[in-house]
Every structure is written in structure tokens, then in C-alpha cells.
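Peer 1: model this:
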Amino acid sequence: MKRILTPIAACITMLCACNQNPDAYVMKGTVLGPDSEGCEVYLRYGRTTDTSVVKNGHFRFEGTVQEPAVAHIILFSQGNPKPNAPVVLEPGTIKVTFNADNAIDIAGTPLNDDLNRLRGNYSELFAAHPNDILGVGPLMVMGRGNKPVFDSLYAAAGDFVKNHPDVVREHERLEQLERTAIGAMFTDFTIEHGNADGSSVSLSDYVGKGKYVLVDFWASWCAPCKAEMPVLKEVYKRFKGKNFEMLGVAVMDKREATEAIVPQLGITWPLIYDAQEIPTEIYGINAIPHIILFGPDGRIVARELRGEMIIQTLSPLLKK
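Peer 2: Below you'll find the predicted structure:
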């Protein structure tokens, strides 16, 4: 028999259809184990963190996404992070299980099913998803810091992966690393108000002037940078002279923070303040401290020097 909707029934049907958001996801989670009650689960996506408290072994997240995106899900027990894993936020019902042995199962939607199946197998994951969000992570993991591998994967990627912000940044960084590799002439930069007296200063005020110049890119908040300072003080004490100079460049830091910590660290060599990301972008630096040795003519002699390696590199050069 043919079904005929009354006007009221038709309106209700249309209203229900409109309320079913095609971009909505629901994440239904289970935490197995005797100590799960009251634990917190964090869902981190970009700069956003959502929190859900585990009740009766279950937790839940809901939201919308304009397009699939990778987030990170972390279980916190008694304030300590426990298992964590990437999860794809995509329309549908996503099922997450934190097992008692700390393993995590994620399923329920197409991309999460594939991510769970191929987790850790970056080559297969990229091959299966060269043009969606699941292709971004494998490319970044396998190609980070390795230009030949990155370029090979980049050539095989689709436009979605190539245009992803993380991939664009790493592509540009690797290009800059190639331009500023060992043997290349230094690339100059100028920092307005970068001198201690507030005047303008350039890298070329120090580099390319007939001396070896060791340049330390660092920040006051960086623990490894501060740990390197005793070695740098010894280097400056041992080698400072007509053939050698040392320069610190404070990056990604507030000027007042740099000024406050300089006396504490006992820095006596010249400094460029408030350089922010200008030099790190030029030299493709993605972690600090990053120490570069420039030759008397301004060419790059060595990069990523640390600890005893600095002295081992400088000793034979300065004996000449």
C-alpha cells in the first residue's frame, strides 16, 4: 500500500533529516581494567583539548569536522599519561578501547579502520592513502630531515598531502637546509634592535670577516641550550683570538627573558637578541640548540655541532 505523509508528518521527517549533521562524529570509548573509574581521557586536536571523565568504564566525545583530521587521544590515570594513539576525526561513530595491557584499538569508521590495521607500518599506510589525511603522517615520519626520501614520497603524493600545512613547512625547511648545507656561502639576515644597545645588527657583521665564527642558535627556555653553555664557555676561553669568534643568536624568545638569563649563564661572547624565527627559517632549523661553524670566507664548515664535537672540529682548524 502506498504510504502518504500528512503535512505535519512530512515536516517532522524533514526536520529530523536536517538535524542529522553529515559532519558530526561520536566517539564511544571503553577503558578496561580495575582502576579505570575516574580516569580522564584527553582528545587533542591542533591547539584544542577536550576532556572526558571515565564513568563505569566508558567515555564519550562528540563534535563536527569539515574534513577528516588527525587528533591524539591520551588516557590519564592519577594525573599521569598512559597509553596514547592517533585517531582520525571523521563523520560516523568511532569506537576506542583502552585495553588492560595498554594496547589501544580504534575502529568504526573507514579511515580509523585502516589506521588501526596499518598502525606502525608507515610505508603501507602511505601507499594506501597518498592523497588524504592518513598520508601526511607517514610522509612526515619517513621523510623528516631526509630530503631524498621526502622528495620521493612527495612526488608520489596527491594534492591534498602536498598542500597540507605540515608538509608545506617541511618541504620549505628541507629546501632551506639544502641551500645552507656544508660548503654553501652563509645567508645573511638583519635583526632590527638586535644589538644589546638596541641598534640593528646583521649576521654579516660577524661572519665572512676572515675569522672562524661559531654561531649558537638558542633560547632562554631551552633546557638543552642551557646544558650546552659550559662547553661553549670552555670553547670561547680556549679559542678566542684573532682567528676565532663566537656569536649567540636568541631565537623564538622574548628579549627580556634573554637579557635576564645571560648573567646567570655567564655568557660573555656577542649576542643577537630577539631574532625570533628569522634565522631558523633561513637555515632550516627545527630544534635548538643548533650550532653552525662558518669559515673565514663565510662558507659553512659544519652544522649541528654539540659538546666535545665542537672542540674536535675547531682544534685542527685553528692550529693551522
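
Peer 1: I'd say residue 295 and residue 302 touch.
Peer 2: No - at 9.4 Å, residue 295 does not count as touching residue 302 under the criterion of C-beta atoms under 8 Å. C-beta here means a position set from N, CA and C on the backbone, and glycine is covered the same way.

Peer 1: now the helix ranked longest in the chain: buried residues?
Peer 2: As assigned by DSSP state H, the longest helix anywhere in the chain is helix 223-239. In terms of neighbour count (16 or more other C-beta atoms under 10 Å), helix 223-239 has its buried residues at 225, 226, 228, 229, 231, 232, 233, 235, 236, 239.

Peer 1: give me the nearest residue to the fifth one, chain neighbours excluded.
Peer 2: The shortest distance from residue 231 to any residue that is not its chain neighbour, by C-beta to C-beta, 6 or more residues apart in numbering, is 5.6 Å, and that residue is residue 307.

Peer 1: could you verify my assumption that the one you found touches residue 228?
Peer 2: Yes - the pair formed by residue 307 and residue 228 meets the contact definition of C-beta under 8 Å, at 7.3 Å.

Peer 1: mind giving me the packing neighbours of the strand or helix carrying residue 155?
Peer 2: Assigned by DSSP states H and E, residue 155 belongs to helix 147-156. Secondary-structure packing of helix 147-156 (3 or more C-beta pairs under 8 Å, 6 or more residues apart in numbering; DSSP states H and E): helix 133-143, helix 165-179.

Peer 1: chain center to it, what's the gap?
Peer 2: Centroid displacement of helix 147-156 relative to its chain, using C-alpha atoms, centre = their mean, to the nearest Å, is 19 Å.

Peer 1: again, but for stretch 150-170
Peer 2: 16 Å.

Peer 1: which residues touch the longest helix of the chain?
Peer 2: Helix 223-239 is contacted by residues 214, 216, 218-220, 246, 261, 265-269, 288-289, 291, 306-308, 310-311, 314, 318 when judged by C-beta atoms under 8 Å, 6 or more residues apart in numbering.

Peer 1: just the CA atoms of that helix, as PDB, please.
Peer 2: The C-alpha coordinates for helix 223-239 follow below in PDB (Å, rounded to 0.1, in the frame of the first residue of the first chain):
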ATOM      1  CA  ALA A 223      67.000  23.200  28.700                       C
ATOM      2  CA  PRO A 224      69.400  21.500  26.200                       C
ATOM      3  CA  CYS A 225      70.600  25.000  25.200                       C
ATOM      4  CA  LYS A 226      71.400  25.900  28.800                       C
ATOM      5  CA  ALA A 227      73.100  22.500  29.200                       C
ATOM      6  CA  GLU A 228      75.400  23.300  26.300                       C
ATOM      7  CA  MET A 229      76.700  26.600  27.900                       C
ATOM      8  CA  PRO A 230      79.500  25.100  30.000                       C
ATOM      9  CA  VAL A 231      81.000  23.600  26.800                       C
ATOM     10  CA  LEU A 232      80.600  26.900  24.900                       C
ATOM     11  CA  LYS A 233      82.300  28.800  27.700                       C
ATOM     12  CA  GLU A 234      85.200  26.400  27.600                       C
ATOM     13  CA  VAL A 235      85.400  26.800  23.800                       C
ATOM     14  CA  TYR A 236      85.300  30.600  24.000                       C
ATOM     15  CA  LYS A 237      88.000  30.600  26.700                       C
ATOM     16  CA  ARG A 238      90.300  28.200  24.700                       C
ATOM     17  CA  PHE A 239      89.900  29.600  21.200                       C
END
